[in-house]
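A.B. asks: Quick check, what structure comes out for this input:
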Amino acid sequence: MSGSSPPGPVPGDAGREVREVIVYCDGGSRGNPGPAAIGAVVVDPTVSPPRRLATVSERIGVTTNNVAEWRAVIAGIEAAARFRPRSVRLRADSQLVVRQLRGEYRVRQPHLQPLHERARALLEQFDEVDVRHVPRDANAEADALVNAALDGAAP
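C.D. replies: Here you go, the predicted structure:
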């Protein structure tokens, strides 16, 4: 797929186990619906400076911004799971998705419910999960991966 990169470890990190990861994720569409993409970054915060373990930057076709946000969450969690962490800190700049994932808001749109259920099921594999909203500027790397996929540039 042009303008995308499969989720994968950074060279040299394949199969590496870490006890804790931070997942930054973002999804976006140009138009709503419109061409859409996802971006995610998996970071090991236990080393100084924190080390990037994996990235996701992928076009996902034509869809809505909300679908892209959920697909980014799922892809980020899947990328993190390959490192078998005990603890996952998920960070996203979509307050709606964060609040739905935390159970504070219901997912009312039927087409989003399977994505919500998939994300929740994926998070169950970890001993500790912390899901928080971050401001857009704190999620700049994931946002850049979304835009790189939409622009057809390599991340």
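
A.B. asks: List the buried residues in stretch 111-124.
C.D. replies: Under the neighbour-count criterion of 16 or more other C-beta atoms under 10 Å, stretch 111-124 has 112, 115-116, 118-120, 122-123 buried. All C-beta spots, glycine's among them, are computed from the backbone N, C-alpha and C.

A.B. asks: The longest helix along the chain - contacts with which helices or strands?
C.D. replies: The residue-count maximum for a helix in the chain (DSSP state H) belongs to helix 65-81. Using 3 or more C-beta pairs under 8 Å, 6 or more residues apart in numbering; DSSP states H and E as the contact criterion, the secondary-structure elements in contact with helix 65-81 are strand 5-9, strand 20-29, strand 34-44, strand 51-63, strand 87-92, helix 95-101, helix 113-123, helix 140-151.

A.B. asks: what's the average pLDDT for that helix?
C.D. replies: Along helix 65-81, the predicted local confidence has a mean pLDDT of 98.

A.B. asks: Equivalent analysis for stretch 111-118, please.
C.D. replies: Along stretch 111-118, the predicted local confidence has a mean pLDDT of 98.

A.B. asks: Identify the residues contacting that stretch?
C.D. replies: Contacts to stretch 111-118, defined as C-beta atoms under 8 Å, 6 or more residues apart in numbering, come from residues 66-67, 70-71, 73-74, 100-101, 107.

A.B. asks: Let me know the closest of those residues to Arg91.
C.D. replies: Of all the contacts of stretch 111-118, the one with the least separation from Arg91 (C-beta to C-beta) is Val73, at 10.2 Å.

A.B. asks: List the residues that contact the closest one.
C.D. replies: For Val73, the residues meeting the contact criterion (C-beta under 8 Å, 6+ apart) are 25, 27, 90, 92, 97, 101, 115, 119.

A.B. asks: burial measure for the closest residue to the fifth one other than its chain neighbours, as a count.
C.D. replies: Looking back up the chat, that one is Val97. Sequence neighbours aside, Glu69 is the residue nearest to Val97 in space, at 4.8 Å (criterion: C-beta to C-beta, 6 or more residues apart in numbering). Burial of Glu69 is recorded as 26 neighbouring residues (other C-beta atoms under 10 Å).

A.B. asks: Confirm for me that Glu69 is in contact with Ala92.
C.D. replies: Yes. Counting by C-beta atoms under 8 Å, Glu69 does reach Ala92; the two are 7.0 Å apart.
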